[in-house]
Structure formats: C-alpha cells, structure tokens
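Visitor: Sequence plus predicted model, see below.
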Amino acid sequence: MAFADDPLLRWFYPERDEYFHQGPSAFQFIARRSVAHHSAFTTDDGVAVAMFLPPGRPEVEVEPPPDAVPPSGELMARFGVLGVVMAEHTPPEPHWYLNVLATHPDWQRQGLGAAVIGPIGEVCRRDGLAMYLETQTIANVAYYTHLGFRVRSEWDVPLDGPHLWGMIREP
C-alpha cells in the first residue's frame, strides 16, 4: 500500500490492478536479497520496513518467489533502462543503499520509517559510511531531508519514466 501511488511503481505497473497483481513479486525479490544480506528491518507488526544493500551491493543468489509473474518485454526494458540510469548516479564511494523504505499509509508520520533505518544508520556512523537512496516525489525529498539526507543528483528516467532524486546522508 505504501507504494500504490508511487510514480516509479506506477510507471512499471500503470494499472492499479496490475500493480497489486504483479508488484508484489518485485518487492519479494528485493526483500529476499536484503534478507540474504541480513539487512532488512521491520516493525514488530510489519507496518514499516527498510530494505538495504551493503556497500558494493554484492550479488547474492535468490530464488524467485514461487508465484512470481513473469515480466513482459516492456517491463524488462523499463527495468533495464532504470538500472542503467541509476548506476550512472550511484555514488562511487562505499555506502549502504536504502533500496526500500515503506510504511503503511495508516501508520505514517509516527517515526516508524526513522526507526527501521536506525540499525543501519548506527552501522553507518560506526563505520564512517554514507547511506544513499533514490526517491520519486518532492514530498519524499522533504521527508528524507528531515532525516539528514541531501540531494546529490536528480534526473529523468528515459522511456517517459519519472523524475528521480538521488539523496545521500553522510555518517
């Protein structure tokens, strides 16, 4: 629900039904990768989650979810172009990558997002590493600025994709 109206996710899945039918497979892949790196955090009740990749974003083999919907050629093209443009804007210095931060809409504005990024925030401070993310809305830019991030870069995704901001938080 946290991403139901997100510009990037709606670019991938323009129809609401399509998003709710196919979108969970993408999130499951991201979650499995973060769990494999021991870098997924959630509230006890599961209403907020943060999923990270460690410095260098090492690859890890994860099985696709058993009920994964095979992506179309158009969707694969969008994932491909997004990967290229995001790589162009990724900071070269070692950092923790905040891949997903989500709070169910009914529980937003209660500090849960800040709480679930806290464990990696502590690691970043301890190890002198930055935390990096991309976001798709000006409201999110304001939110992340409040959490200590600053805009590092911004760009438009090709193929009529959304505008993105790359944001970094120094240790």
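Guide: Nice, thanks for sending it over.

Visitor: same for the longest strand along the chain, what does it pack against?
Guide: Counting by DSSP state E, the longest strand found in the chain is strand 95-103. Other elements packing on strand 95-103 under the criterion 3 or more Cβ pairs under 8 Å, 6 or more residues apart in numbering; DSSP states H and E are helix 16-36, strand 48-53, helix 112-127, strand 130-135. In short, each C-beta sits where N, CA and C put it, glycine included.

Visitor: buried stuff in the helix or strand bottoming out on mean pLDDT in the chain?
Guide: Taking mean pLDDT, DSSP states H and E as the measure, the helix or strand of the chain with the lowest value is helix 16-36, at a mean of 84. Using 16 or more other Cβ atoms under 10 Å as the test for burial, helix 16-36 gives 19, 22-23, 25-28, 30-34.

Visitor: rewinding a little: and the longest strand of the chain, average pLDDT?
Guide: For strand 95-103, the per-residue pLDDT values average out at 96.

Visitor: Then stretch 137-156?
Guide: Mean predicted lDDT for stretch 137-156 stands at 97.

Visitor: Can you mark which positions in that stretch are buried?
Guide: For stretch 137-156, by 16+ other Cβ under 10 Å, it's 137, 140-141, 143-144, 147, 149, 152.

Visitor: what about it, distance to the chain center?
Guide: Centre-to-centre, stretch 137-156 and its host chain are 13 Å apart (Cα atoms, centre = their mean, to the nearest Å).

Visitor: mind saving the C-alpha coords of it as CSV?
Guide: The C-alpha trace of stretch 137-156 is given here as CSV (Å, rounded to 0.1, in the frame of the first residue of the first chain):
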residue,chain,number,x,y,z
THR,A,137,8.5,12.7,-5.2
ILE,A,138,9.2,16.1,-3.8
ALA,A,139,7.3,15.2,-0.6
ASN,A,140,9.8,12.3,-0.1
VAL,A,141,12.7,14.7,-0.8
ALA,A,142,11.4,16.8,2.1
TYR,A,143,10.9,13.7,4.3
TYR,A,144,14.4,12.4,3.7
THR,A,145,15.9,15.9,4.2
HIS,A,146,14.3,15.9,7.6
LEU,A,147,16.2,12.6,8.2
GLY,A,148,19.5,14.2,7.4
PHE,A,149,19.8,13.3,3.7
ARG,A,150,20.7,15.9,1.0
VAL,A,151,20.0,15.8,-2.7
ARG,A,152,23.1,14.6,-4.5
SER,A,153,21.7,14.4,-8.1
GLU,A,154,18.5,14.3,-10.0
TRP,A,155,17.4,13.1,-13.4
ASP,A,156,14.6,11.9,-15.6
